[in-house]
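Asker: Could you work out the structure for the sequence below:
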Amino acid sequence: MTHHHLHASPETCHWGFFEAKLKPVLTIASGDEVTIDSISGGPEVVPDRNKFHVPPELAEVHAKNERMVPGHILTGPVAIEGAAPATSLKSRFST
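Answerer: Next up is the predicted model:
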């Protein structure tokens, strides 16, 4: 089992839409673990950077990724080698 870390960046994020035809930004083997970084919020809701930590990746995504519709910034997609449509995935969330 391998552990992967998928960082949020303009290359690994898309903004405001789900699309099954997107090319995976990471491909893993069955049983591997992945930590996926996420960022959130459009430029109109970014808090004061003097009072709060705002990840620099957020500004990079704002500058380089087109906002398709109002919606969330999503990291991924991730493909699993050998998985077919409707394959069940086991997930464990942590913060």
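Asker: and the gap between the nearest residue to residue 6 once chain neighbours are set aside and residue 42?
Answerer: Spatial nearest neighbour of residue 6, chain neighbours left out: residue 36 (4.7 Å); criterion: CB to CB, 6 or more residues apart in numbering. For every residue, glycine as well, the C-beta is placed using N, CA and C. Applying CB to CB, to the nearest Å, the value for residue 36 to residue 42 is 20 Å.
Asker: What are the boundaries of the helices in this protein?
Answerer: Using DSSP state H, the helices of the chain run over 56-64.
Asker: Across the sheet, point out what pairs with the spatially most central residue of the chain.
Answerer: Nearest to the mean C-alpha position of the chain, by CA atoms, centre = their mean, lies residue 75 at 0.9 Å. Taking DSSP bridges as the rule, residue 75 bridges to residue 13.
Asker: Do I have it right that it meets residue 11?
Answerer: No. Using CB atoms under 8 Å as the test, residue 75 is too far from residue 11 to be in contact (10.4 Å).
Asker: residues shared between the contacts of the two?
Answerer: Listed as contacting both residue 75 and residue 11 by CB atoms under 8 Å, 6 or more residues apart in numbering are residue 25.
Asker: what's near enough to touch the residue lying closest to residue 18 once chain neighbours are set aside?
Answerer: Excluding its sequence neighbours, the residue lying closest to residue 18 (CB to CB, 6+ apart) is residue 74, at 7.4 Å. The contact partners of residue 74, by CB under 8 Å, 6+ apart, come to 13-15, 18, 38.
Asker: Mind pulling the model confidence for residue 74?
Answerer: Per-residue confidence (pLDDT) for residue 74: 96.
Asker: Contacts for stretch 77-86 next, please.
Answerer: For stretch 77-86, contacts defined as CB under 8 Å, 6+ apart pick out 6, 22, 24-30, 34, 36, 87, 89.
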